[in-house]
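Take a look and give me a structure for this.
(3 chains)
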Amino acid sequence: MSSILAGLNPEQLEAITLPHQSALVLAGAGSGKTRVLTTRIAHLIQSGQVSPHGILAVTFTNKASKEMLTRISTMLPINIRGMWIGTFHGLCNRMLRSHYQEAGLPQAFQILDVADQLAVIKRLQKNLSISDKDMPPRQVQWFINNAKEEGQRASNVESHDSFTRKLVEFYQTYEQQCNKDGIVDFPELLLRCYELLIRNEVLCNHYRERFSHILVDEFQDTNRLQYKWLRILSNVGSSTTAAVFVVGDDDQSIYAFRGANTGNMQEFEHDFNVSKVIKLEQNYRSHGNILDAANALIQHNDGRLGKNLWTSEGSGEPIRVYNAPTDFDEASFIVEEIKSLRDEGVDLSQIALLYRSNAQSRVLEHSLFNAALPYRVYGGMRFFERLEIKHALAYLRLIANPDDDNALLRIINFPTRGIGARGVEQLQDEARLDGSSLWSAALKKSSNAPIIQDPEKAKRGVGGFVALMTTMRQACENLPLPQTVEQMLSLSGLLGYYHVEREGADRVENLNELINAATSFVHEADDDSLTTFLAHASLEAGDYQTDTGKEALQLMTVHSAKGLEFHSVFLTGLEEGLFPHENSRNETNGQEEERRLMYVAMTRACRRLYLSFSQSRMLHGQTRYNVPSRFLDEIPENLMKWLQSTQKIDVRHFKSSVDKRFKNTVSQSLGNTKSRISGSINAQETQWHIGQNVAHNKFGSGVIINYEGQGNDARVQVNFDRVGMKWLLLEYAKLTSA
DNA sequence: TTCCTTGTCGCCCGG
DNA sequence: CGACAAGGAA
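Coordinates of the predicted model:
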């Protein structure tokens, strides 16, 4: 009678109704994994085995946890707000906020995203006079994060060579700096939380008693630290251990680069005394040919837990393969196919263009744009990572906590108010001397300064900055969050700055979108404080794209496609060096990880799958010639249908021996004048255009490479053979066509 | 101090 | 190719 259990297959049903014990569910792609997880939670609550209070469910992405919450709330009429469902990072943040004192953190501790973290590292290196040649900041970041994800503090890291010793030493210093500033990077959220549970037995027992059921999604993606966190929290081995229900697929493990360890699955079976592994192998997503191809591919991997997807549907269409001469041609081919799919009645939003790396999207976007096909690009630059948003957030952070040095450094001279590198340095010296924050130093400096009468001058310099922040804090006091954001945007001058800035319209739009983000945050969260909003901004880099839900093609990397499905999938750039990625050659089991990535990509398709590769491709600013991906050889020939190009060859795509200088400037001009198609200037009844050879009676001959302005103000940039670049006013320069 | 040009270096994935 | 830092000119 229980309606939530209707229509499940025997394996799904078994997993959902399993009694209070730890279990491992091997769930293949499209086998109803999320349904099993959410239905189990609903079933546990509905049958009275546990209250919503006693459940802890962990996912990897915000998207997945949102999905889980929505599905549960449609099954059960309960308040889902109090439930502990979220990402590892989100849940650890929640715990650390509740017990910040025990964790040794300030109440309003800030979370650093990757870019913030890199900035802190760079700043620290500068202070310590460490050259970024000796110690590349990115490598340092990688080192620190890796150590943390293994659960290691600086004192735990073994170092056998002098370079590692230097890294460890820096790790230590970095830690001290973070503690001093009250900031926490992503892996620190987990490590801090883990250490809190280890050290504080009372607290740990409190949570152990509370959570009798722990459920984990995408378990194959857990790293060592996450595994240890789960083990502590579940109190495995004791008489009161929680039932830990993990769902995963070793074939879809694609996050080894960030410490994911499939070994956790085998270890879990052992450590948690798993008596039975349930396999979900029936696929409800794809037609047979697609599954057969994916199965054939993944069989080339060793050490799999073993699983074979099958479907009760027919074999469907063959897999379409296309061999393109150039990346440009590959894109045009895709455009043509999309048009005919659209004519067949397939929704554009049901078509995905997948690629290995974000850089590949540009060529595709270009073709789609020219064909007037609407598309949406996922990933890449996220909302909260945008420069203008970062600036706005820095103002907010400084409102929340005046002593946030990192926030202060970001915006003390943005928009510019006459505080240069020199002035900042003075403040830093002052702060170091007093052992105070930069804000205190600024306050001290401005209070000693003479009072300036001129109101315009008073807005400048350190004094102006102090006055600004003081006004802003006063204005925002007791104001609801969205209004605080609004006040900050106008008072800070950010809106004004981008308003007059050329190409600033998008940024103004984004800044206004931040008010919307704050508004919806206030509606959704039960704690609507500024601090919580800031944490939210760091943890959820944000799919705050304005045109969500619009009928548009979906462009994304294979990684971000995990968990999704589409009617038709175009898997592009199947070339050696790109997919498998060349970096994977040097990584242990790199090729197997790439193959799993390929497997994930293929199994996104429900009905139609296109595989394409190109003989040449623009990469790193130069044309590269690649051979087809080895993965194509691993798919049985009888499942594939090789397509021929039906297009006329477009002369523009011929490689010509055009001067490189000229080619560069053409794309440059396109980039600078988005709305304009051609780059020509009409001045004094003479047509000048980019790329034109000209002569000047003093500078000699050259080529027009850029222009700006109109009428009397029209200027051209000319690259002269003898004297190089010059900007010239057309009215006076007396150029002649050569 | 600020803006603009030039040069260098990286270019894969998420919270 | 594009982001970003460094360096030079106003």
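
So which residues of the stretch 551-700 of chain A form helices?
For the stretch 551-700 of chain A, the helices defined by DSSP state H, counting those that start in this stretch cover A:558-561, A:590-602, A:630-633, A:660-672.

Which part of chain A gets nearest to DNA strand C, residue-wise?
Proximity of chain A to DNA strand C (Cβ to the nearest atom of the strand) peaks at A:Gly621, 2.1 Å away. Any C-beta I mention is one placed from the backbone N, CA and C, and that applies to glycine too.

Quick check, pLDDT for that residue.
The per-residue pLDDT reported for A:Gly621 equals 75.

so who does it touch?
Under the criterion of Cβ atoms under 8 Å, 6 or more residues apart in numbering, the contact list for A:Gly621 is empty.

try A:Phe219
The contact partners of A:Phe219, by Cβ under 8 Å, 6+ apart, come to A:24, A:246-248, A:264-265, A:268.

can we see that at 7 Å?
By Cβ atoms under 7 Å, 6 or more residues apart in numbering, the contact set of A:Phe219 is A:246-248, A:264-265.

now do A:Leu56
Counting by Cβ under 7 Å, 6+ apart, A:Leu56 has contacts A:84, A:211, A:214.

From those residues, list just the buried residues.
Buried residues within those, counting neighbours by 16 or more other Cβ atoms under 10 Å: A:84, A:211, A:214.

Export those residues as CSV, with columns for secondary structure, pLDDT and distance to DNA strand B.
Below are these laid out as CSV (DSSP: H, G, I helix; E, B strand; the rest coil; pLDDT from 0 to 100; distance: Cβ to the nearest atom of the strand, whole Å):
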residue, secondary structure, pLDDT, distance to DNA strand B
A:Trp84, strand, 95, 14
A:Phe211, coil, 96, 19
A:Ile214, strand, 97, 18
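
Going by distance to A:Pro450, which of these wins?
Distances from A:Pro450 to those, taken as Cβ to Cβ, are shortest for A:Trp84 (56.4 Å).

give me the number of residues near the closest residue to A:Ser22 other than its chain neighbours?
With sequence-adjacent residues excluded and distances taken as Cβ to Cβ, 6 or more residues apart in numbering, A:Ser22 is closest to A:Phe272, at 3.9 Å. Using other Cβ atoms under 10 Å, A:Phe272 is surrounded by 22 other residues.

Please apply the same query to A:Thr519.
A:Thr519 has 16 neighbouring residues, counting by other Cβ under 10 Å.

Pull the distance from the helix or strand harbouring it to the chain's centre.
Using DSSP states H and E, the element containing A:Thr519 is helix A:505-524. Taking Cα atoms, centre = their mean, to the nearest Å, the mean C-alpha location of helix A:505-524 is offset from the chain mean by 19 Å.

hmm, the next helix or strand after it in reach of DNA strand B?
Next helix or strand after helix A:505-524 toward the C-terminus (DSSP H and E): helix A:530-539. Yes: Helix A:530-539 reaches DNA strand B (Cβ under 7 Å from any atom of the strand) through A:Leu539.

Could I get the CA-only coordinates of helix A:530-539 as CSV?
C-alpha atoms of helix A:530-539 as CSV (Å, rounded to 0.1, in the frame of the first residue of the first chain):
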residue,chain,number,x,y,z
LEU,A,530,25.3,38.4,6.8
THR,A,531,27.9,35.9,8.1
THR,A,532,25.7,32.9,7.0
PHE,A,533,25.2,34.5,3.6
LEU,A,534,28.9,34.9,3.1
ALA,A,535,29.5,31.3,4.0
HIS,A,536,26.8,30.4,1.5
ALA,A,537,28.6,32.4,-1.1
SER,A,538,31.8,30.6,-0.6
LEU,A,539,30.4,27.1,-0.4
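
And for it, what's in contact with it?
Contacts of helix A:530-539 (Cβ under 7 Å, 6+ apart): A:89-90, A:93, A:108, A:110-111, A:113, A:384, A:393, A:396-397, A:399-400, A:481, A:484, A:518, A:521, A:525.

So which of those reach DNA strand B?
Applying Cβ under 7 Å from any atom of the strand to the contacts of helix A:530-539, those adjacent to DNA strand B are A:89-90, A:113.

now those: which count as buried?
With burial judged by 16+ other Cβ under 10 Å, the buried subset of those is A:89-90, A:113.

Same list, these, but as a markdown table with pLDDT and secondary structure please.
Below are these laid out as a markdown table (pLDDT from 0 to 100; DSSP: H, G, I helix; E, B strand; the rest coil):
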| residue | pLDDT | secondary structure |
| --- | --- | --- |
| A:His89 | 95 | helix |
| A:Gly90 | 94 | helix |
| A:Asp113 | 88 | coil |
